[in-house]
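Trainee: could you work out the structure for the sequence below:
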Amino acid sequence: MSEAKKIFDSALQQKRKVLTVQEAKTILKIEGFPVNPTGYGQSLEEIIAEAEKIGFPLVLKVSSEDIIHKSDVGGVVTGIRTVEELQEQYNTMQEKIAKFLPDAHIEGYLIEKMESGIELLIGSTQDPMFGPILAFGLGGIYVEVLKDVVFRLIPIEREDATEMISEIKATKILDGIRGQPAVDKKALIELLLKTSDFINDLPQIEELDLNPIFATEKGVTIVDARIILNDPE
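Mentor: Alright, predicted model coming up:
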């Protein structure tokens, strides 16, 4: 956990409670979470170089603590297949963000391997009475509309993780419908347990949001991550 603590300390020294997506995904990757291949750049040249390392198709995302819902302001573009398309979408993204959030501070841009599957979320928050709470449910852009989420106190056991998966309304989708294969529930259970342990070991984390997580028959992949730290004592 020493690398995570270094990143936490650096953010707090800069008077930031919200880690950048790059910082959050770096921590998760170090801790062995299944994070999708991700590059980072602050200029178009750096972005193109990262894209060529990862390979197309790609997703381009803005990295800014001032922009929580990236898709609402054109801060996410999926399915980019060529360098020329990447250049075009980068310029369009800058124009849209300047229009909707002209005062937003842009740290840089993330380049991610394009993923697919059923979109899920795993998150946590600190309850003042009960302590850390783990959330699991349907993810993606519809999470706030459908509110298909269940909760458990941290730490959880394997039985808790299994129950959480079966309790959401979308559980039948995870079992496979209309010829679609069932998702890898074993991998999903392991991710829930790993997240519980991660939060339990790091009380500095006030909120964690892994959304979306893409689930397929081959496993699970974390595509986006948000970490908010507690105020230092």
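
Trainee: what about the protein, any weak spots by pLDDT?
Mentor: Counting by pLDDT under 70, the chain shows low-confidence ranges at 1, 141-142, 145, 232-233.

Trainee: can you give me the helices for it?
Mentor: According to DSSP state H, the chain carries its helices in the segments 2-13, 21-30, 44-54, 83-100, 143-146, 158-167, 171-174, 185-201.

Trainee: residue 125: neighbouring residues, count only.
Mentor: The burial count assigned to residue 125 is 16, neighbours taken as other Cβ atoms under 10 Å. C-beta here means a position set from N, CA and C on the backbone, and glycine is covered the same way.

Trainee: thought it was touching residue 132?
Mentor: Yes. The pair residue 125 / residue 132 is scored as a contact, 7.4 Å apart, by Cβ atoms under 8 Å.

Trainee: okay, now the domains of this structure?
Mentor: Domain assignment of the chain by automatic domain parsing yields the ranges 37-114, 118-229.

Trainee: dump those domains to a markdown table, plus distance to residue 27.
Mentor: Formatted as a markdown table, the domains of the chain follow (distance: least, Cβ to Cβ, whole Å):
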| stretch | distance to residue 27 |
| --- | --- |
| domain 37-114 | 12 |
| domain 118-229 | 7 |
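
Trainee: those: which one's closest to residue 30?
Mentor: Go through these one by one with Cβ to Cβ and the one that ends up closest to residue 30 is domain 118-229, at 11.1 Å.

Trainee: can you give me the end-to-end span of the closest one?
Mentor: Looking at domain 118-229, the gap from its leading to its trailing residue is 29 Å under the measure Cα to Cα, to the nearest Å.

Trainee: just checking the distance from it to the centre of its chain.
Mentor: Domain 118-229 has its average C-alpha position 11 Å from the chain's average C-alpha position, going by Cα atoms, centre = their mean, to the nearest Å.

Trainee: going forward, count from 35.
Mentor: New numbering, starting at 35: the last item is domain 152-263.

Trainee: elements contacting the longest strand seen in the chain?
Mentor: Across the chain, the longest stretch assigned as strand under DSSP state E is strand 239-250. In terms of contacts (3 or more Cβ pairs under 8 Å, 6 or more residues apart in numbering; DSSP states H and E), strand 239-250 is packed against strand 152-161, helix 219-235, strand 253-256, strand 259-263.

Trainee: got those as a markdown table, with distance to residue 76 columns?
Mentor: Formatted as a markdown table, the helices and strands packed on strand 239-250 follow (distance: least, Cβ to Cβ, whole Å):
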| stretch | distance to residue 76 |
| --- | --- |
| strand 152-161 | 28 |
| helix 219-235 | 29 |
| strand 253-256 | 23 |
| strand 259-263 | 20 |
